Each structure stands twice: as structure tokens, then as C-alpha cells.
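Participant: The sequence and its predicted three-dimensional model are supplied below.
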Amino acid sequence: SMSIDKNTVKKVAGLARLRLTDAEMEKYAGQLNNIMGFVEQLNEVNTDNIAPLPSPVDMDLPLRKDEVTDGDCVDAVLANAPEAVEGFYVVPKVVE
């Protein structure tokens, strides 16, 4: 069984660029040990005759016909634009 101590939390926090107090490191060490305990419990589950599933939900997605359209909703799209000219968004120049 893997045990996570304060030094491990300190190392992970350093990799994640997190600055933690000693009290926070103690707290997170406890929480991470609880998580690892739950993960270890999964090893006890018998999965010998269980086929892997791409999803736990067995369902077919309804498909629509693949038809090309122009959307015909320029006004609705441009309603979100801070500024529009002749049916197009106006954006700041980004390349000199």
C-alpha cells in the first residue's frame, strides 16, 4: 500500500508550481492517502469475466442527414459581435 507523506506533497506541489504551508501539506497528504485507499479498493474487485466497455451506457445516438447548408443565421451570429461590417466580425489587427 502506497503512503503519501508531507515530502511527497511538497514535491508534487513544486512540480505544480503551488506554494503550500506546512499545515496545507499535512491536510493534503491526508486527503491524498484517502484517495489512494479508495483506488486500492478497486484492485479487490473481480473483473475476470467482464468485457471492457467503451461506455457504461449502451445506446445508439440518433443521426441526422449530413446536409451542407450555409446556416442562414448571419444576424443571430453577428448579434454577439462587438462590431460588424458587411456581415463580418471586426477584429483588432494582430499582425503588422
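Facilitator: Nice, I can see it. Since we're looking at a predicted model, the values are computed, not measured. Numbers count the residues shown, from 1 in each chain.
Participant: CA atoms for contacts and neighbours, from now on please.
Facilitator: OK.
Participant: Show me the shaky parts of this protein.
Facilitator: Within the chain, the segments meeting pLDDT under 70 span 1.
Participant: For residue 10, see how far away the residue nearest in space to the middle of it is.
Facilitator: Most central in the chain under CA atoms, centre = their mean is residue 16, positioned 16.4 Å from the mean C-alpha point. According to CA to CA, to the nearest Å, residue 16 stands 10 Å off from residue 10.
Participant: next one: phi and psi at the residue lying farthest from the centre of the chain?
Facilitator: Going by CA atoms, centre = their mean, the residue of the chain most distant from its centre is residue 86, 38.0 Å out. The phi/psi pair for residue 86 (degrees, to the nearest 10) reads phi 50, psi 40.
Participant: Identify all contacting residues around stretch 79-90.
Facilitator: 74, 75, 78, 91 (CA atoms under 8 Å, 6 or more residues apart in numbering).
Participant: what's the distance between the third one and residue 90?
Facilitator: Counting by CA to CA, the gap from residue 78 to residue 90 is 10 Å.
Participant: Between the two, which is the more surrounded one?
Facilitator: Neighbours were counted for residue 78 and for residue 90 using other CA atoms under 10 Å; residue 78 has more, 15 against 12.
Participant: on that earlier part again, taking the contacts of stretch 79-90 one by one, which sit in helices?
Facilitator: 74, 75, 78 (DSSP state H).
Participant: Spit out the contact partners of the second one.
Facilitator: If a contact means CA under 8 Å, 6+ apart, then residue 75 has residue 87 as its contacts.
Participant: what's the answer for the first one, then?
Facilitator: When the contact criterion is CA under 8 Å, 6+ apart, the partners of residue 74 are residue 87.
Participant: for residue 62, same thing?
Facilitator: With CA under 8 Å, 6+ apart, residue 62 has no contacts at all.
Participant: Residue 3 now?
Facilitator: residue 33.
Participant: wait, is it part of a helix?
Facilitator: No. Residue state for residue 3 (DSSP: H, G, I helix; E, B strand; the rest coil) corresponds to coil; a helix is not indicated.
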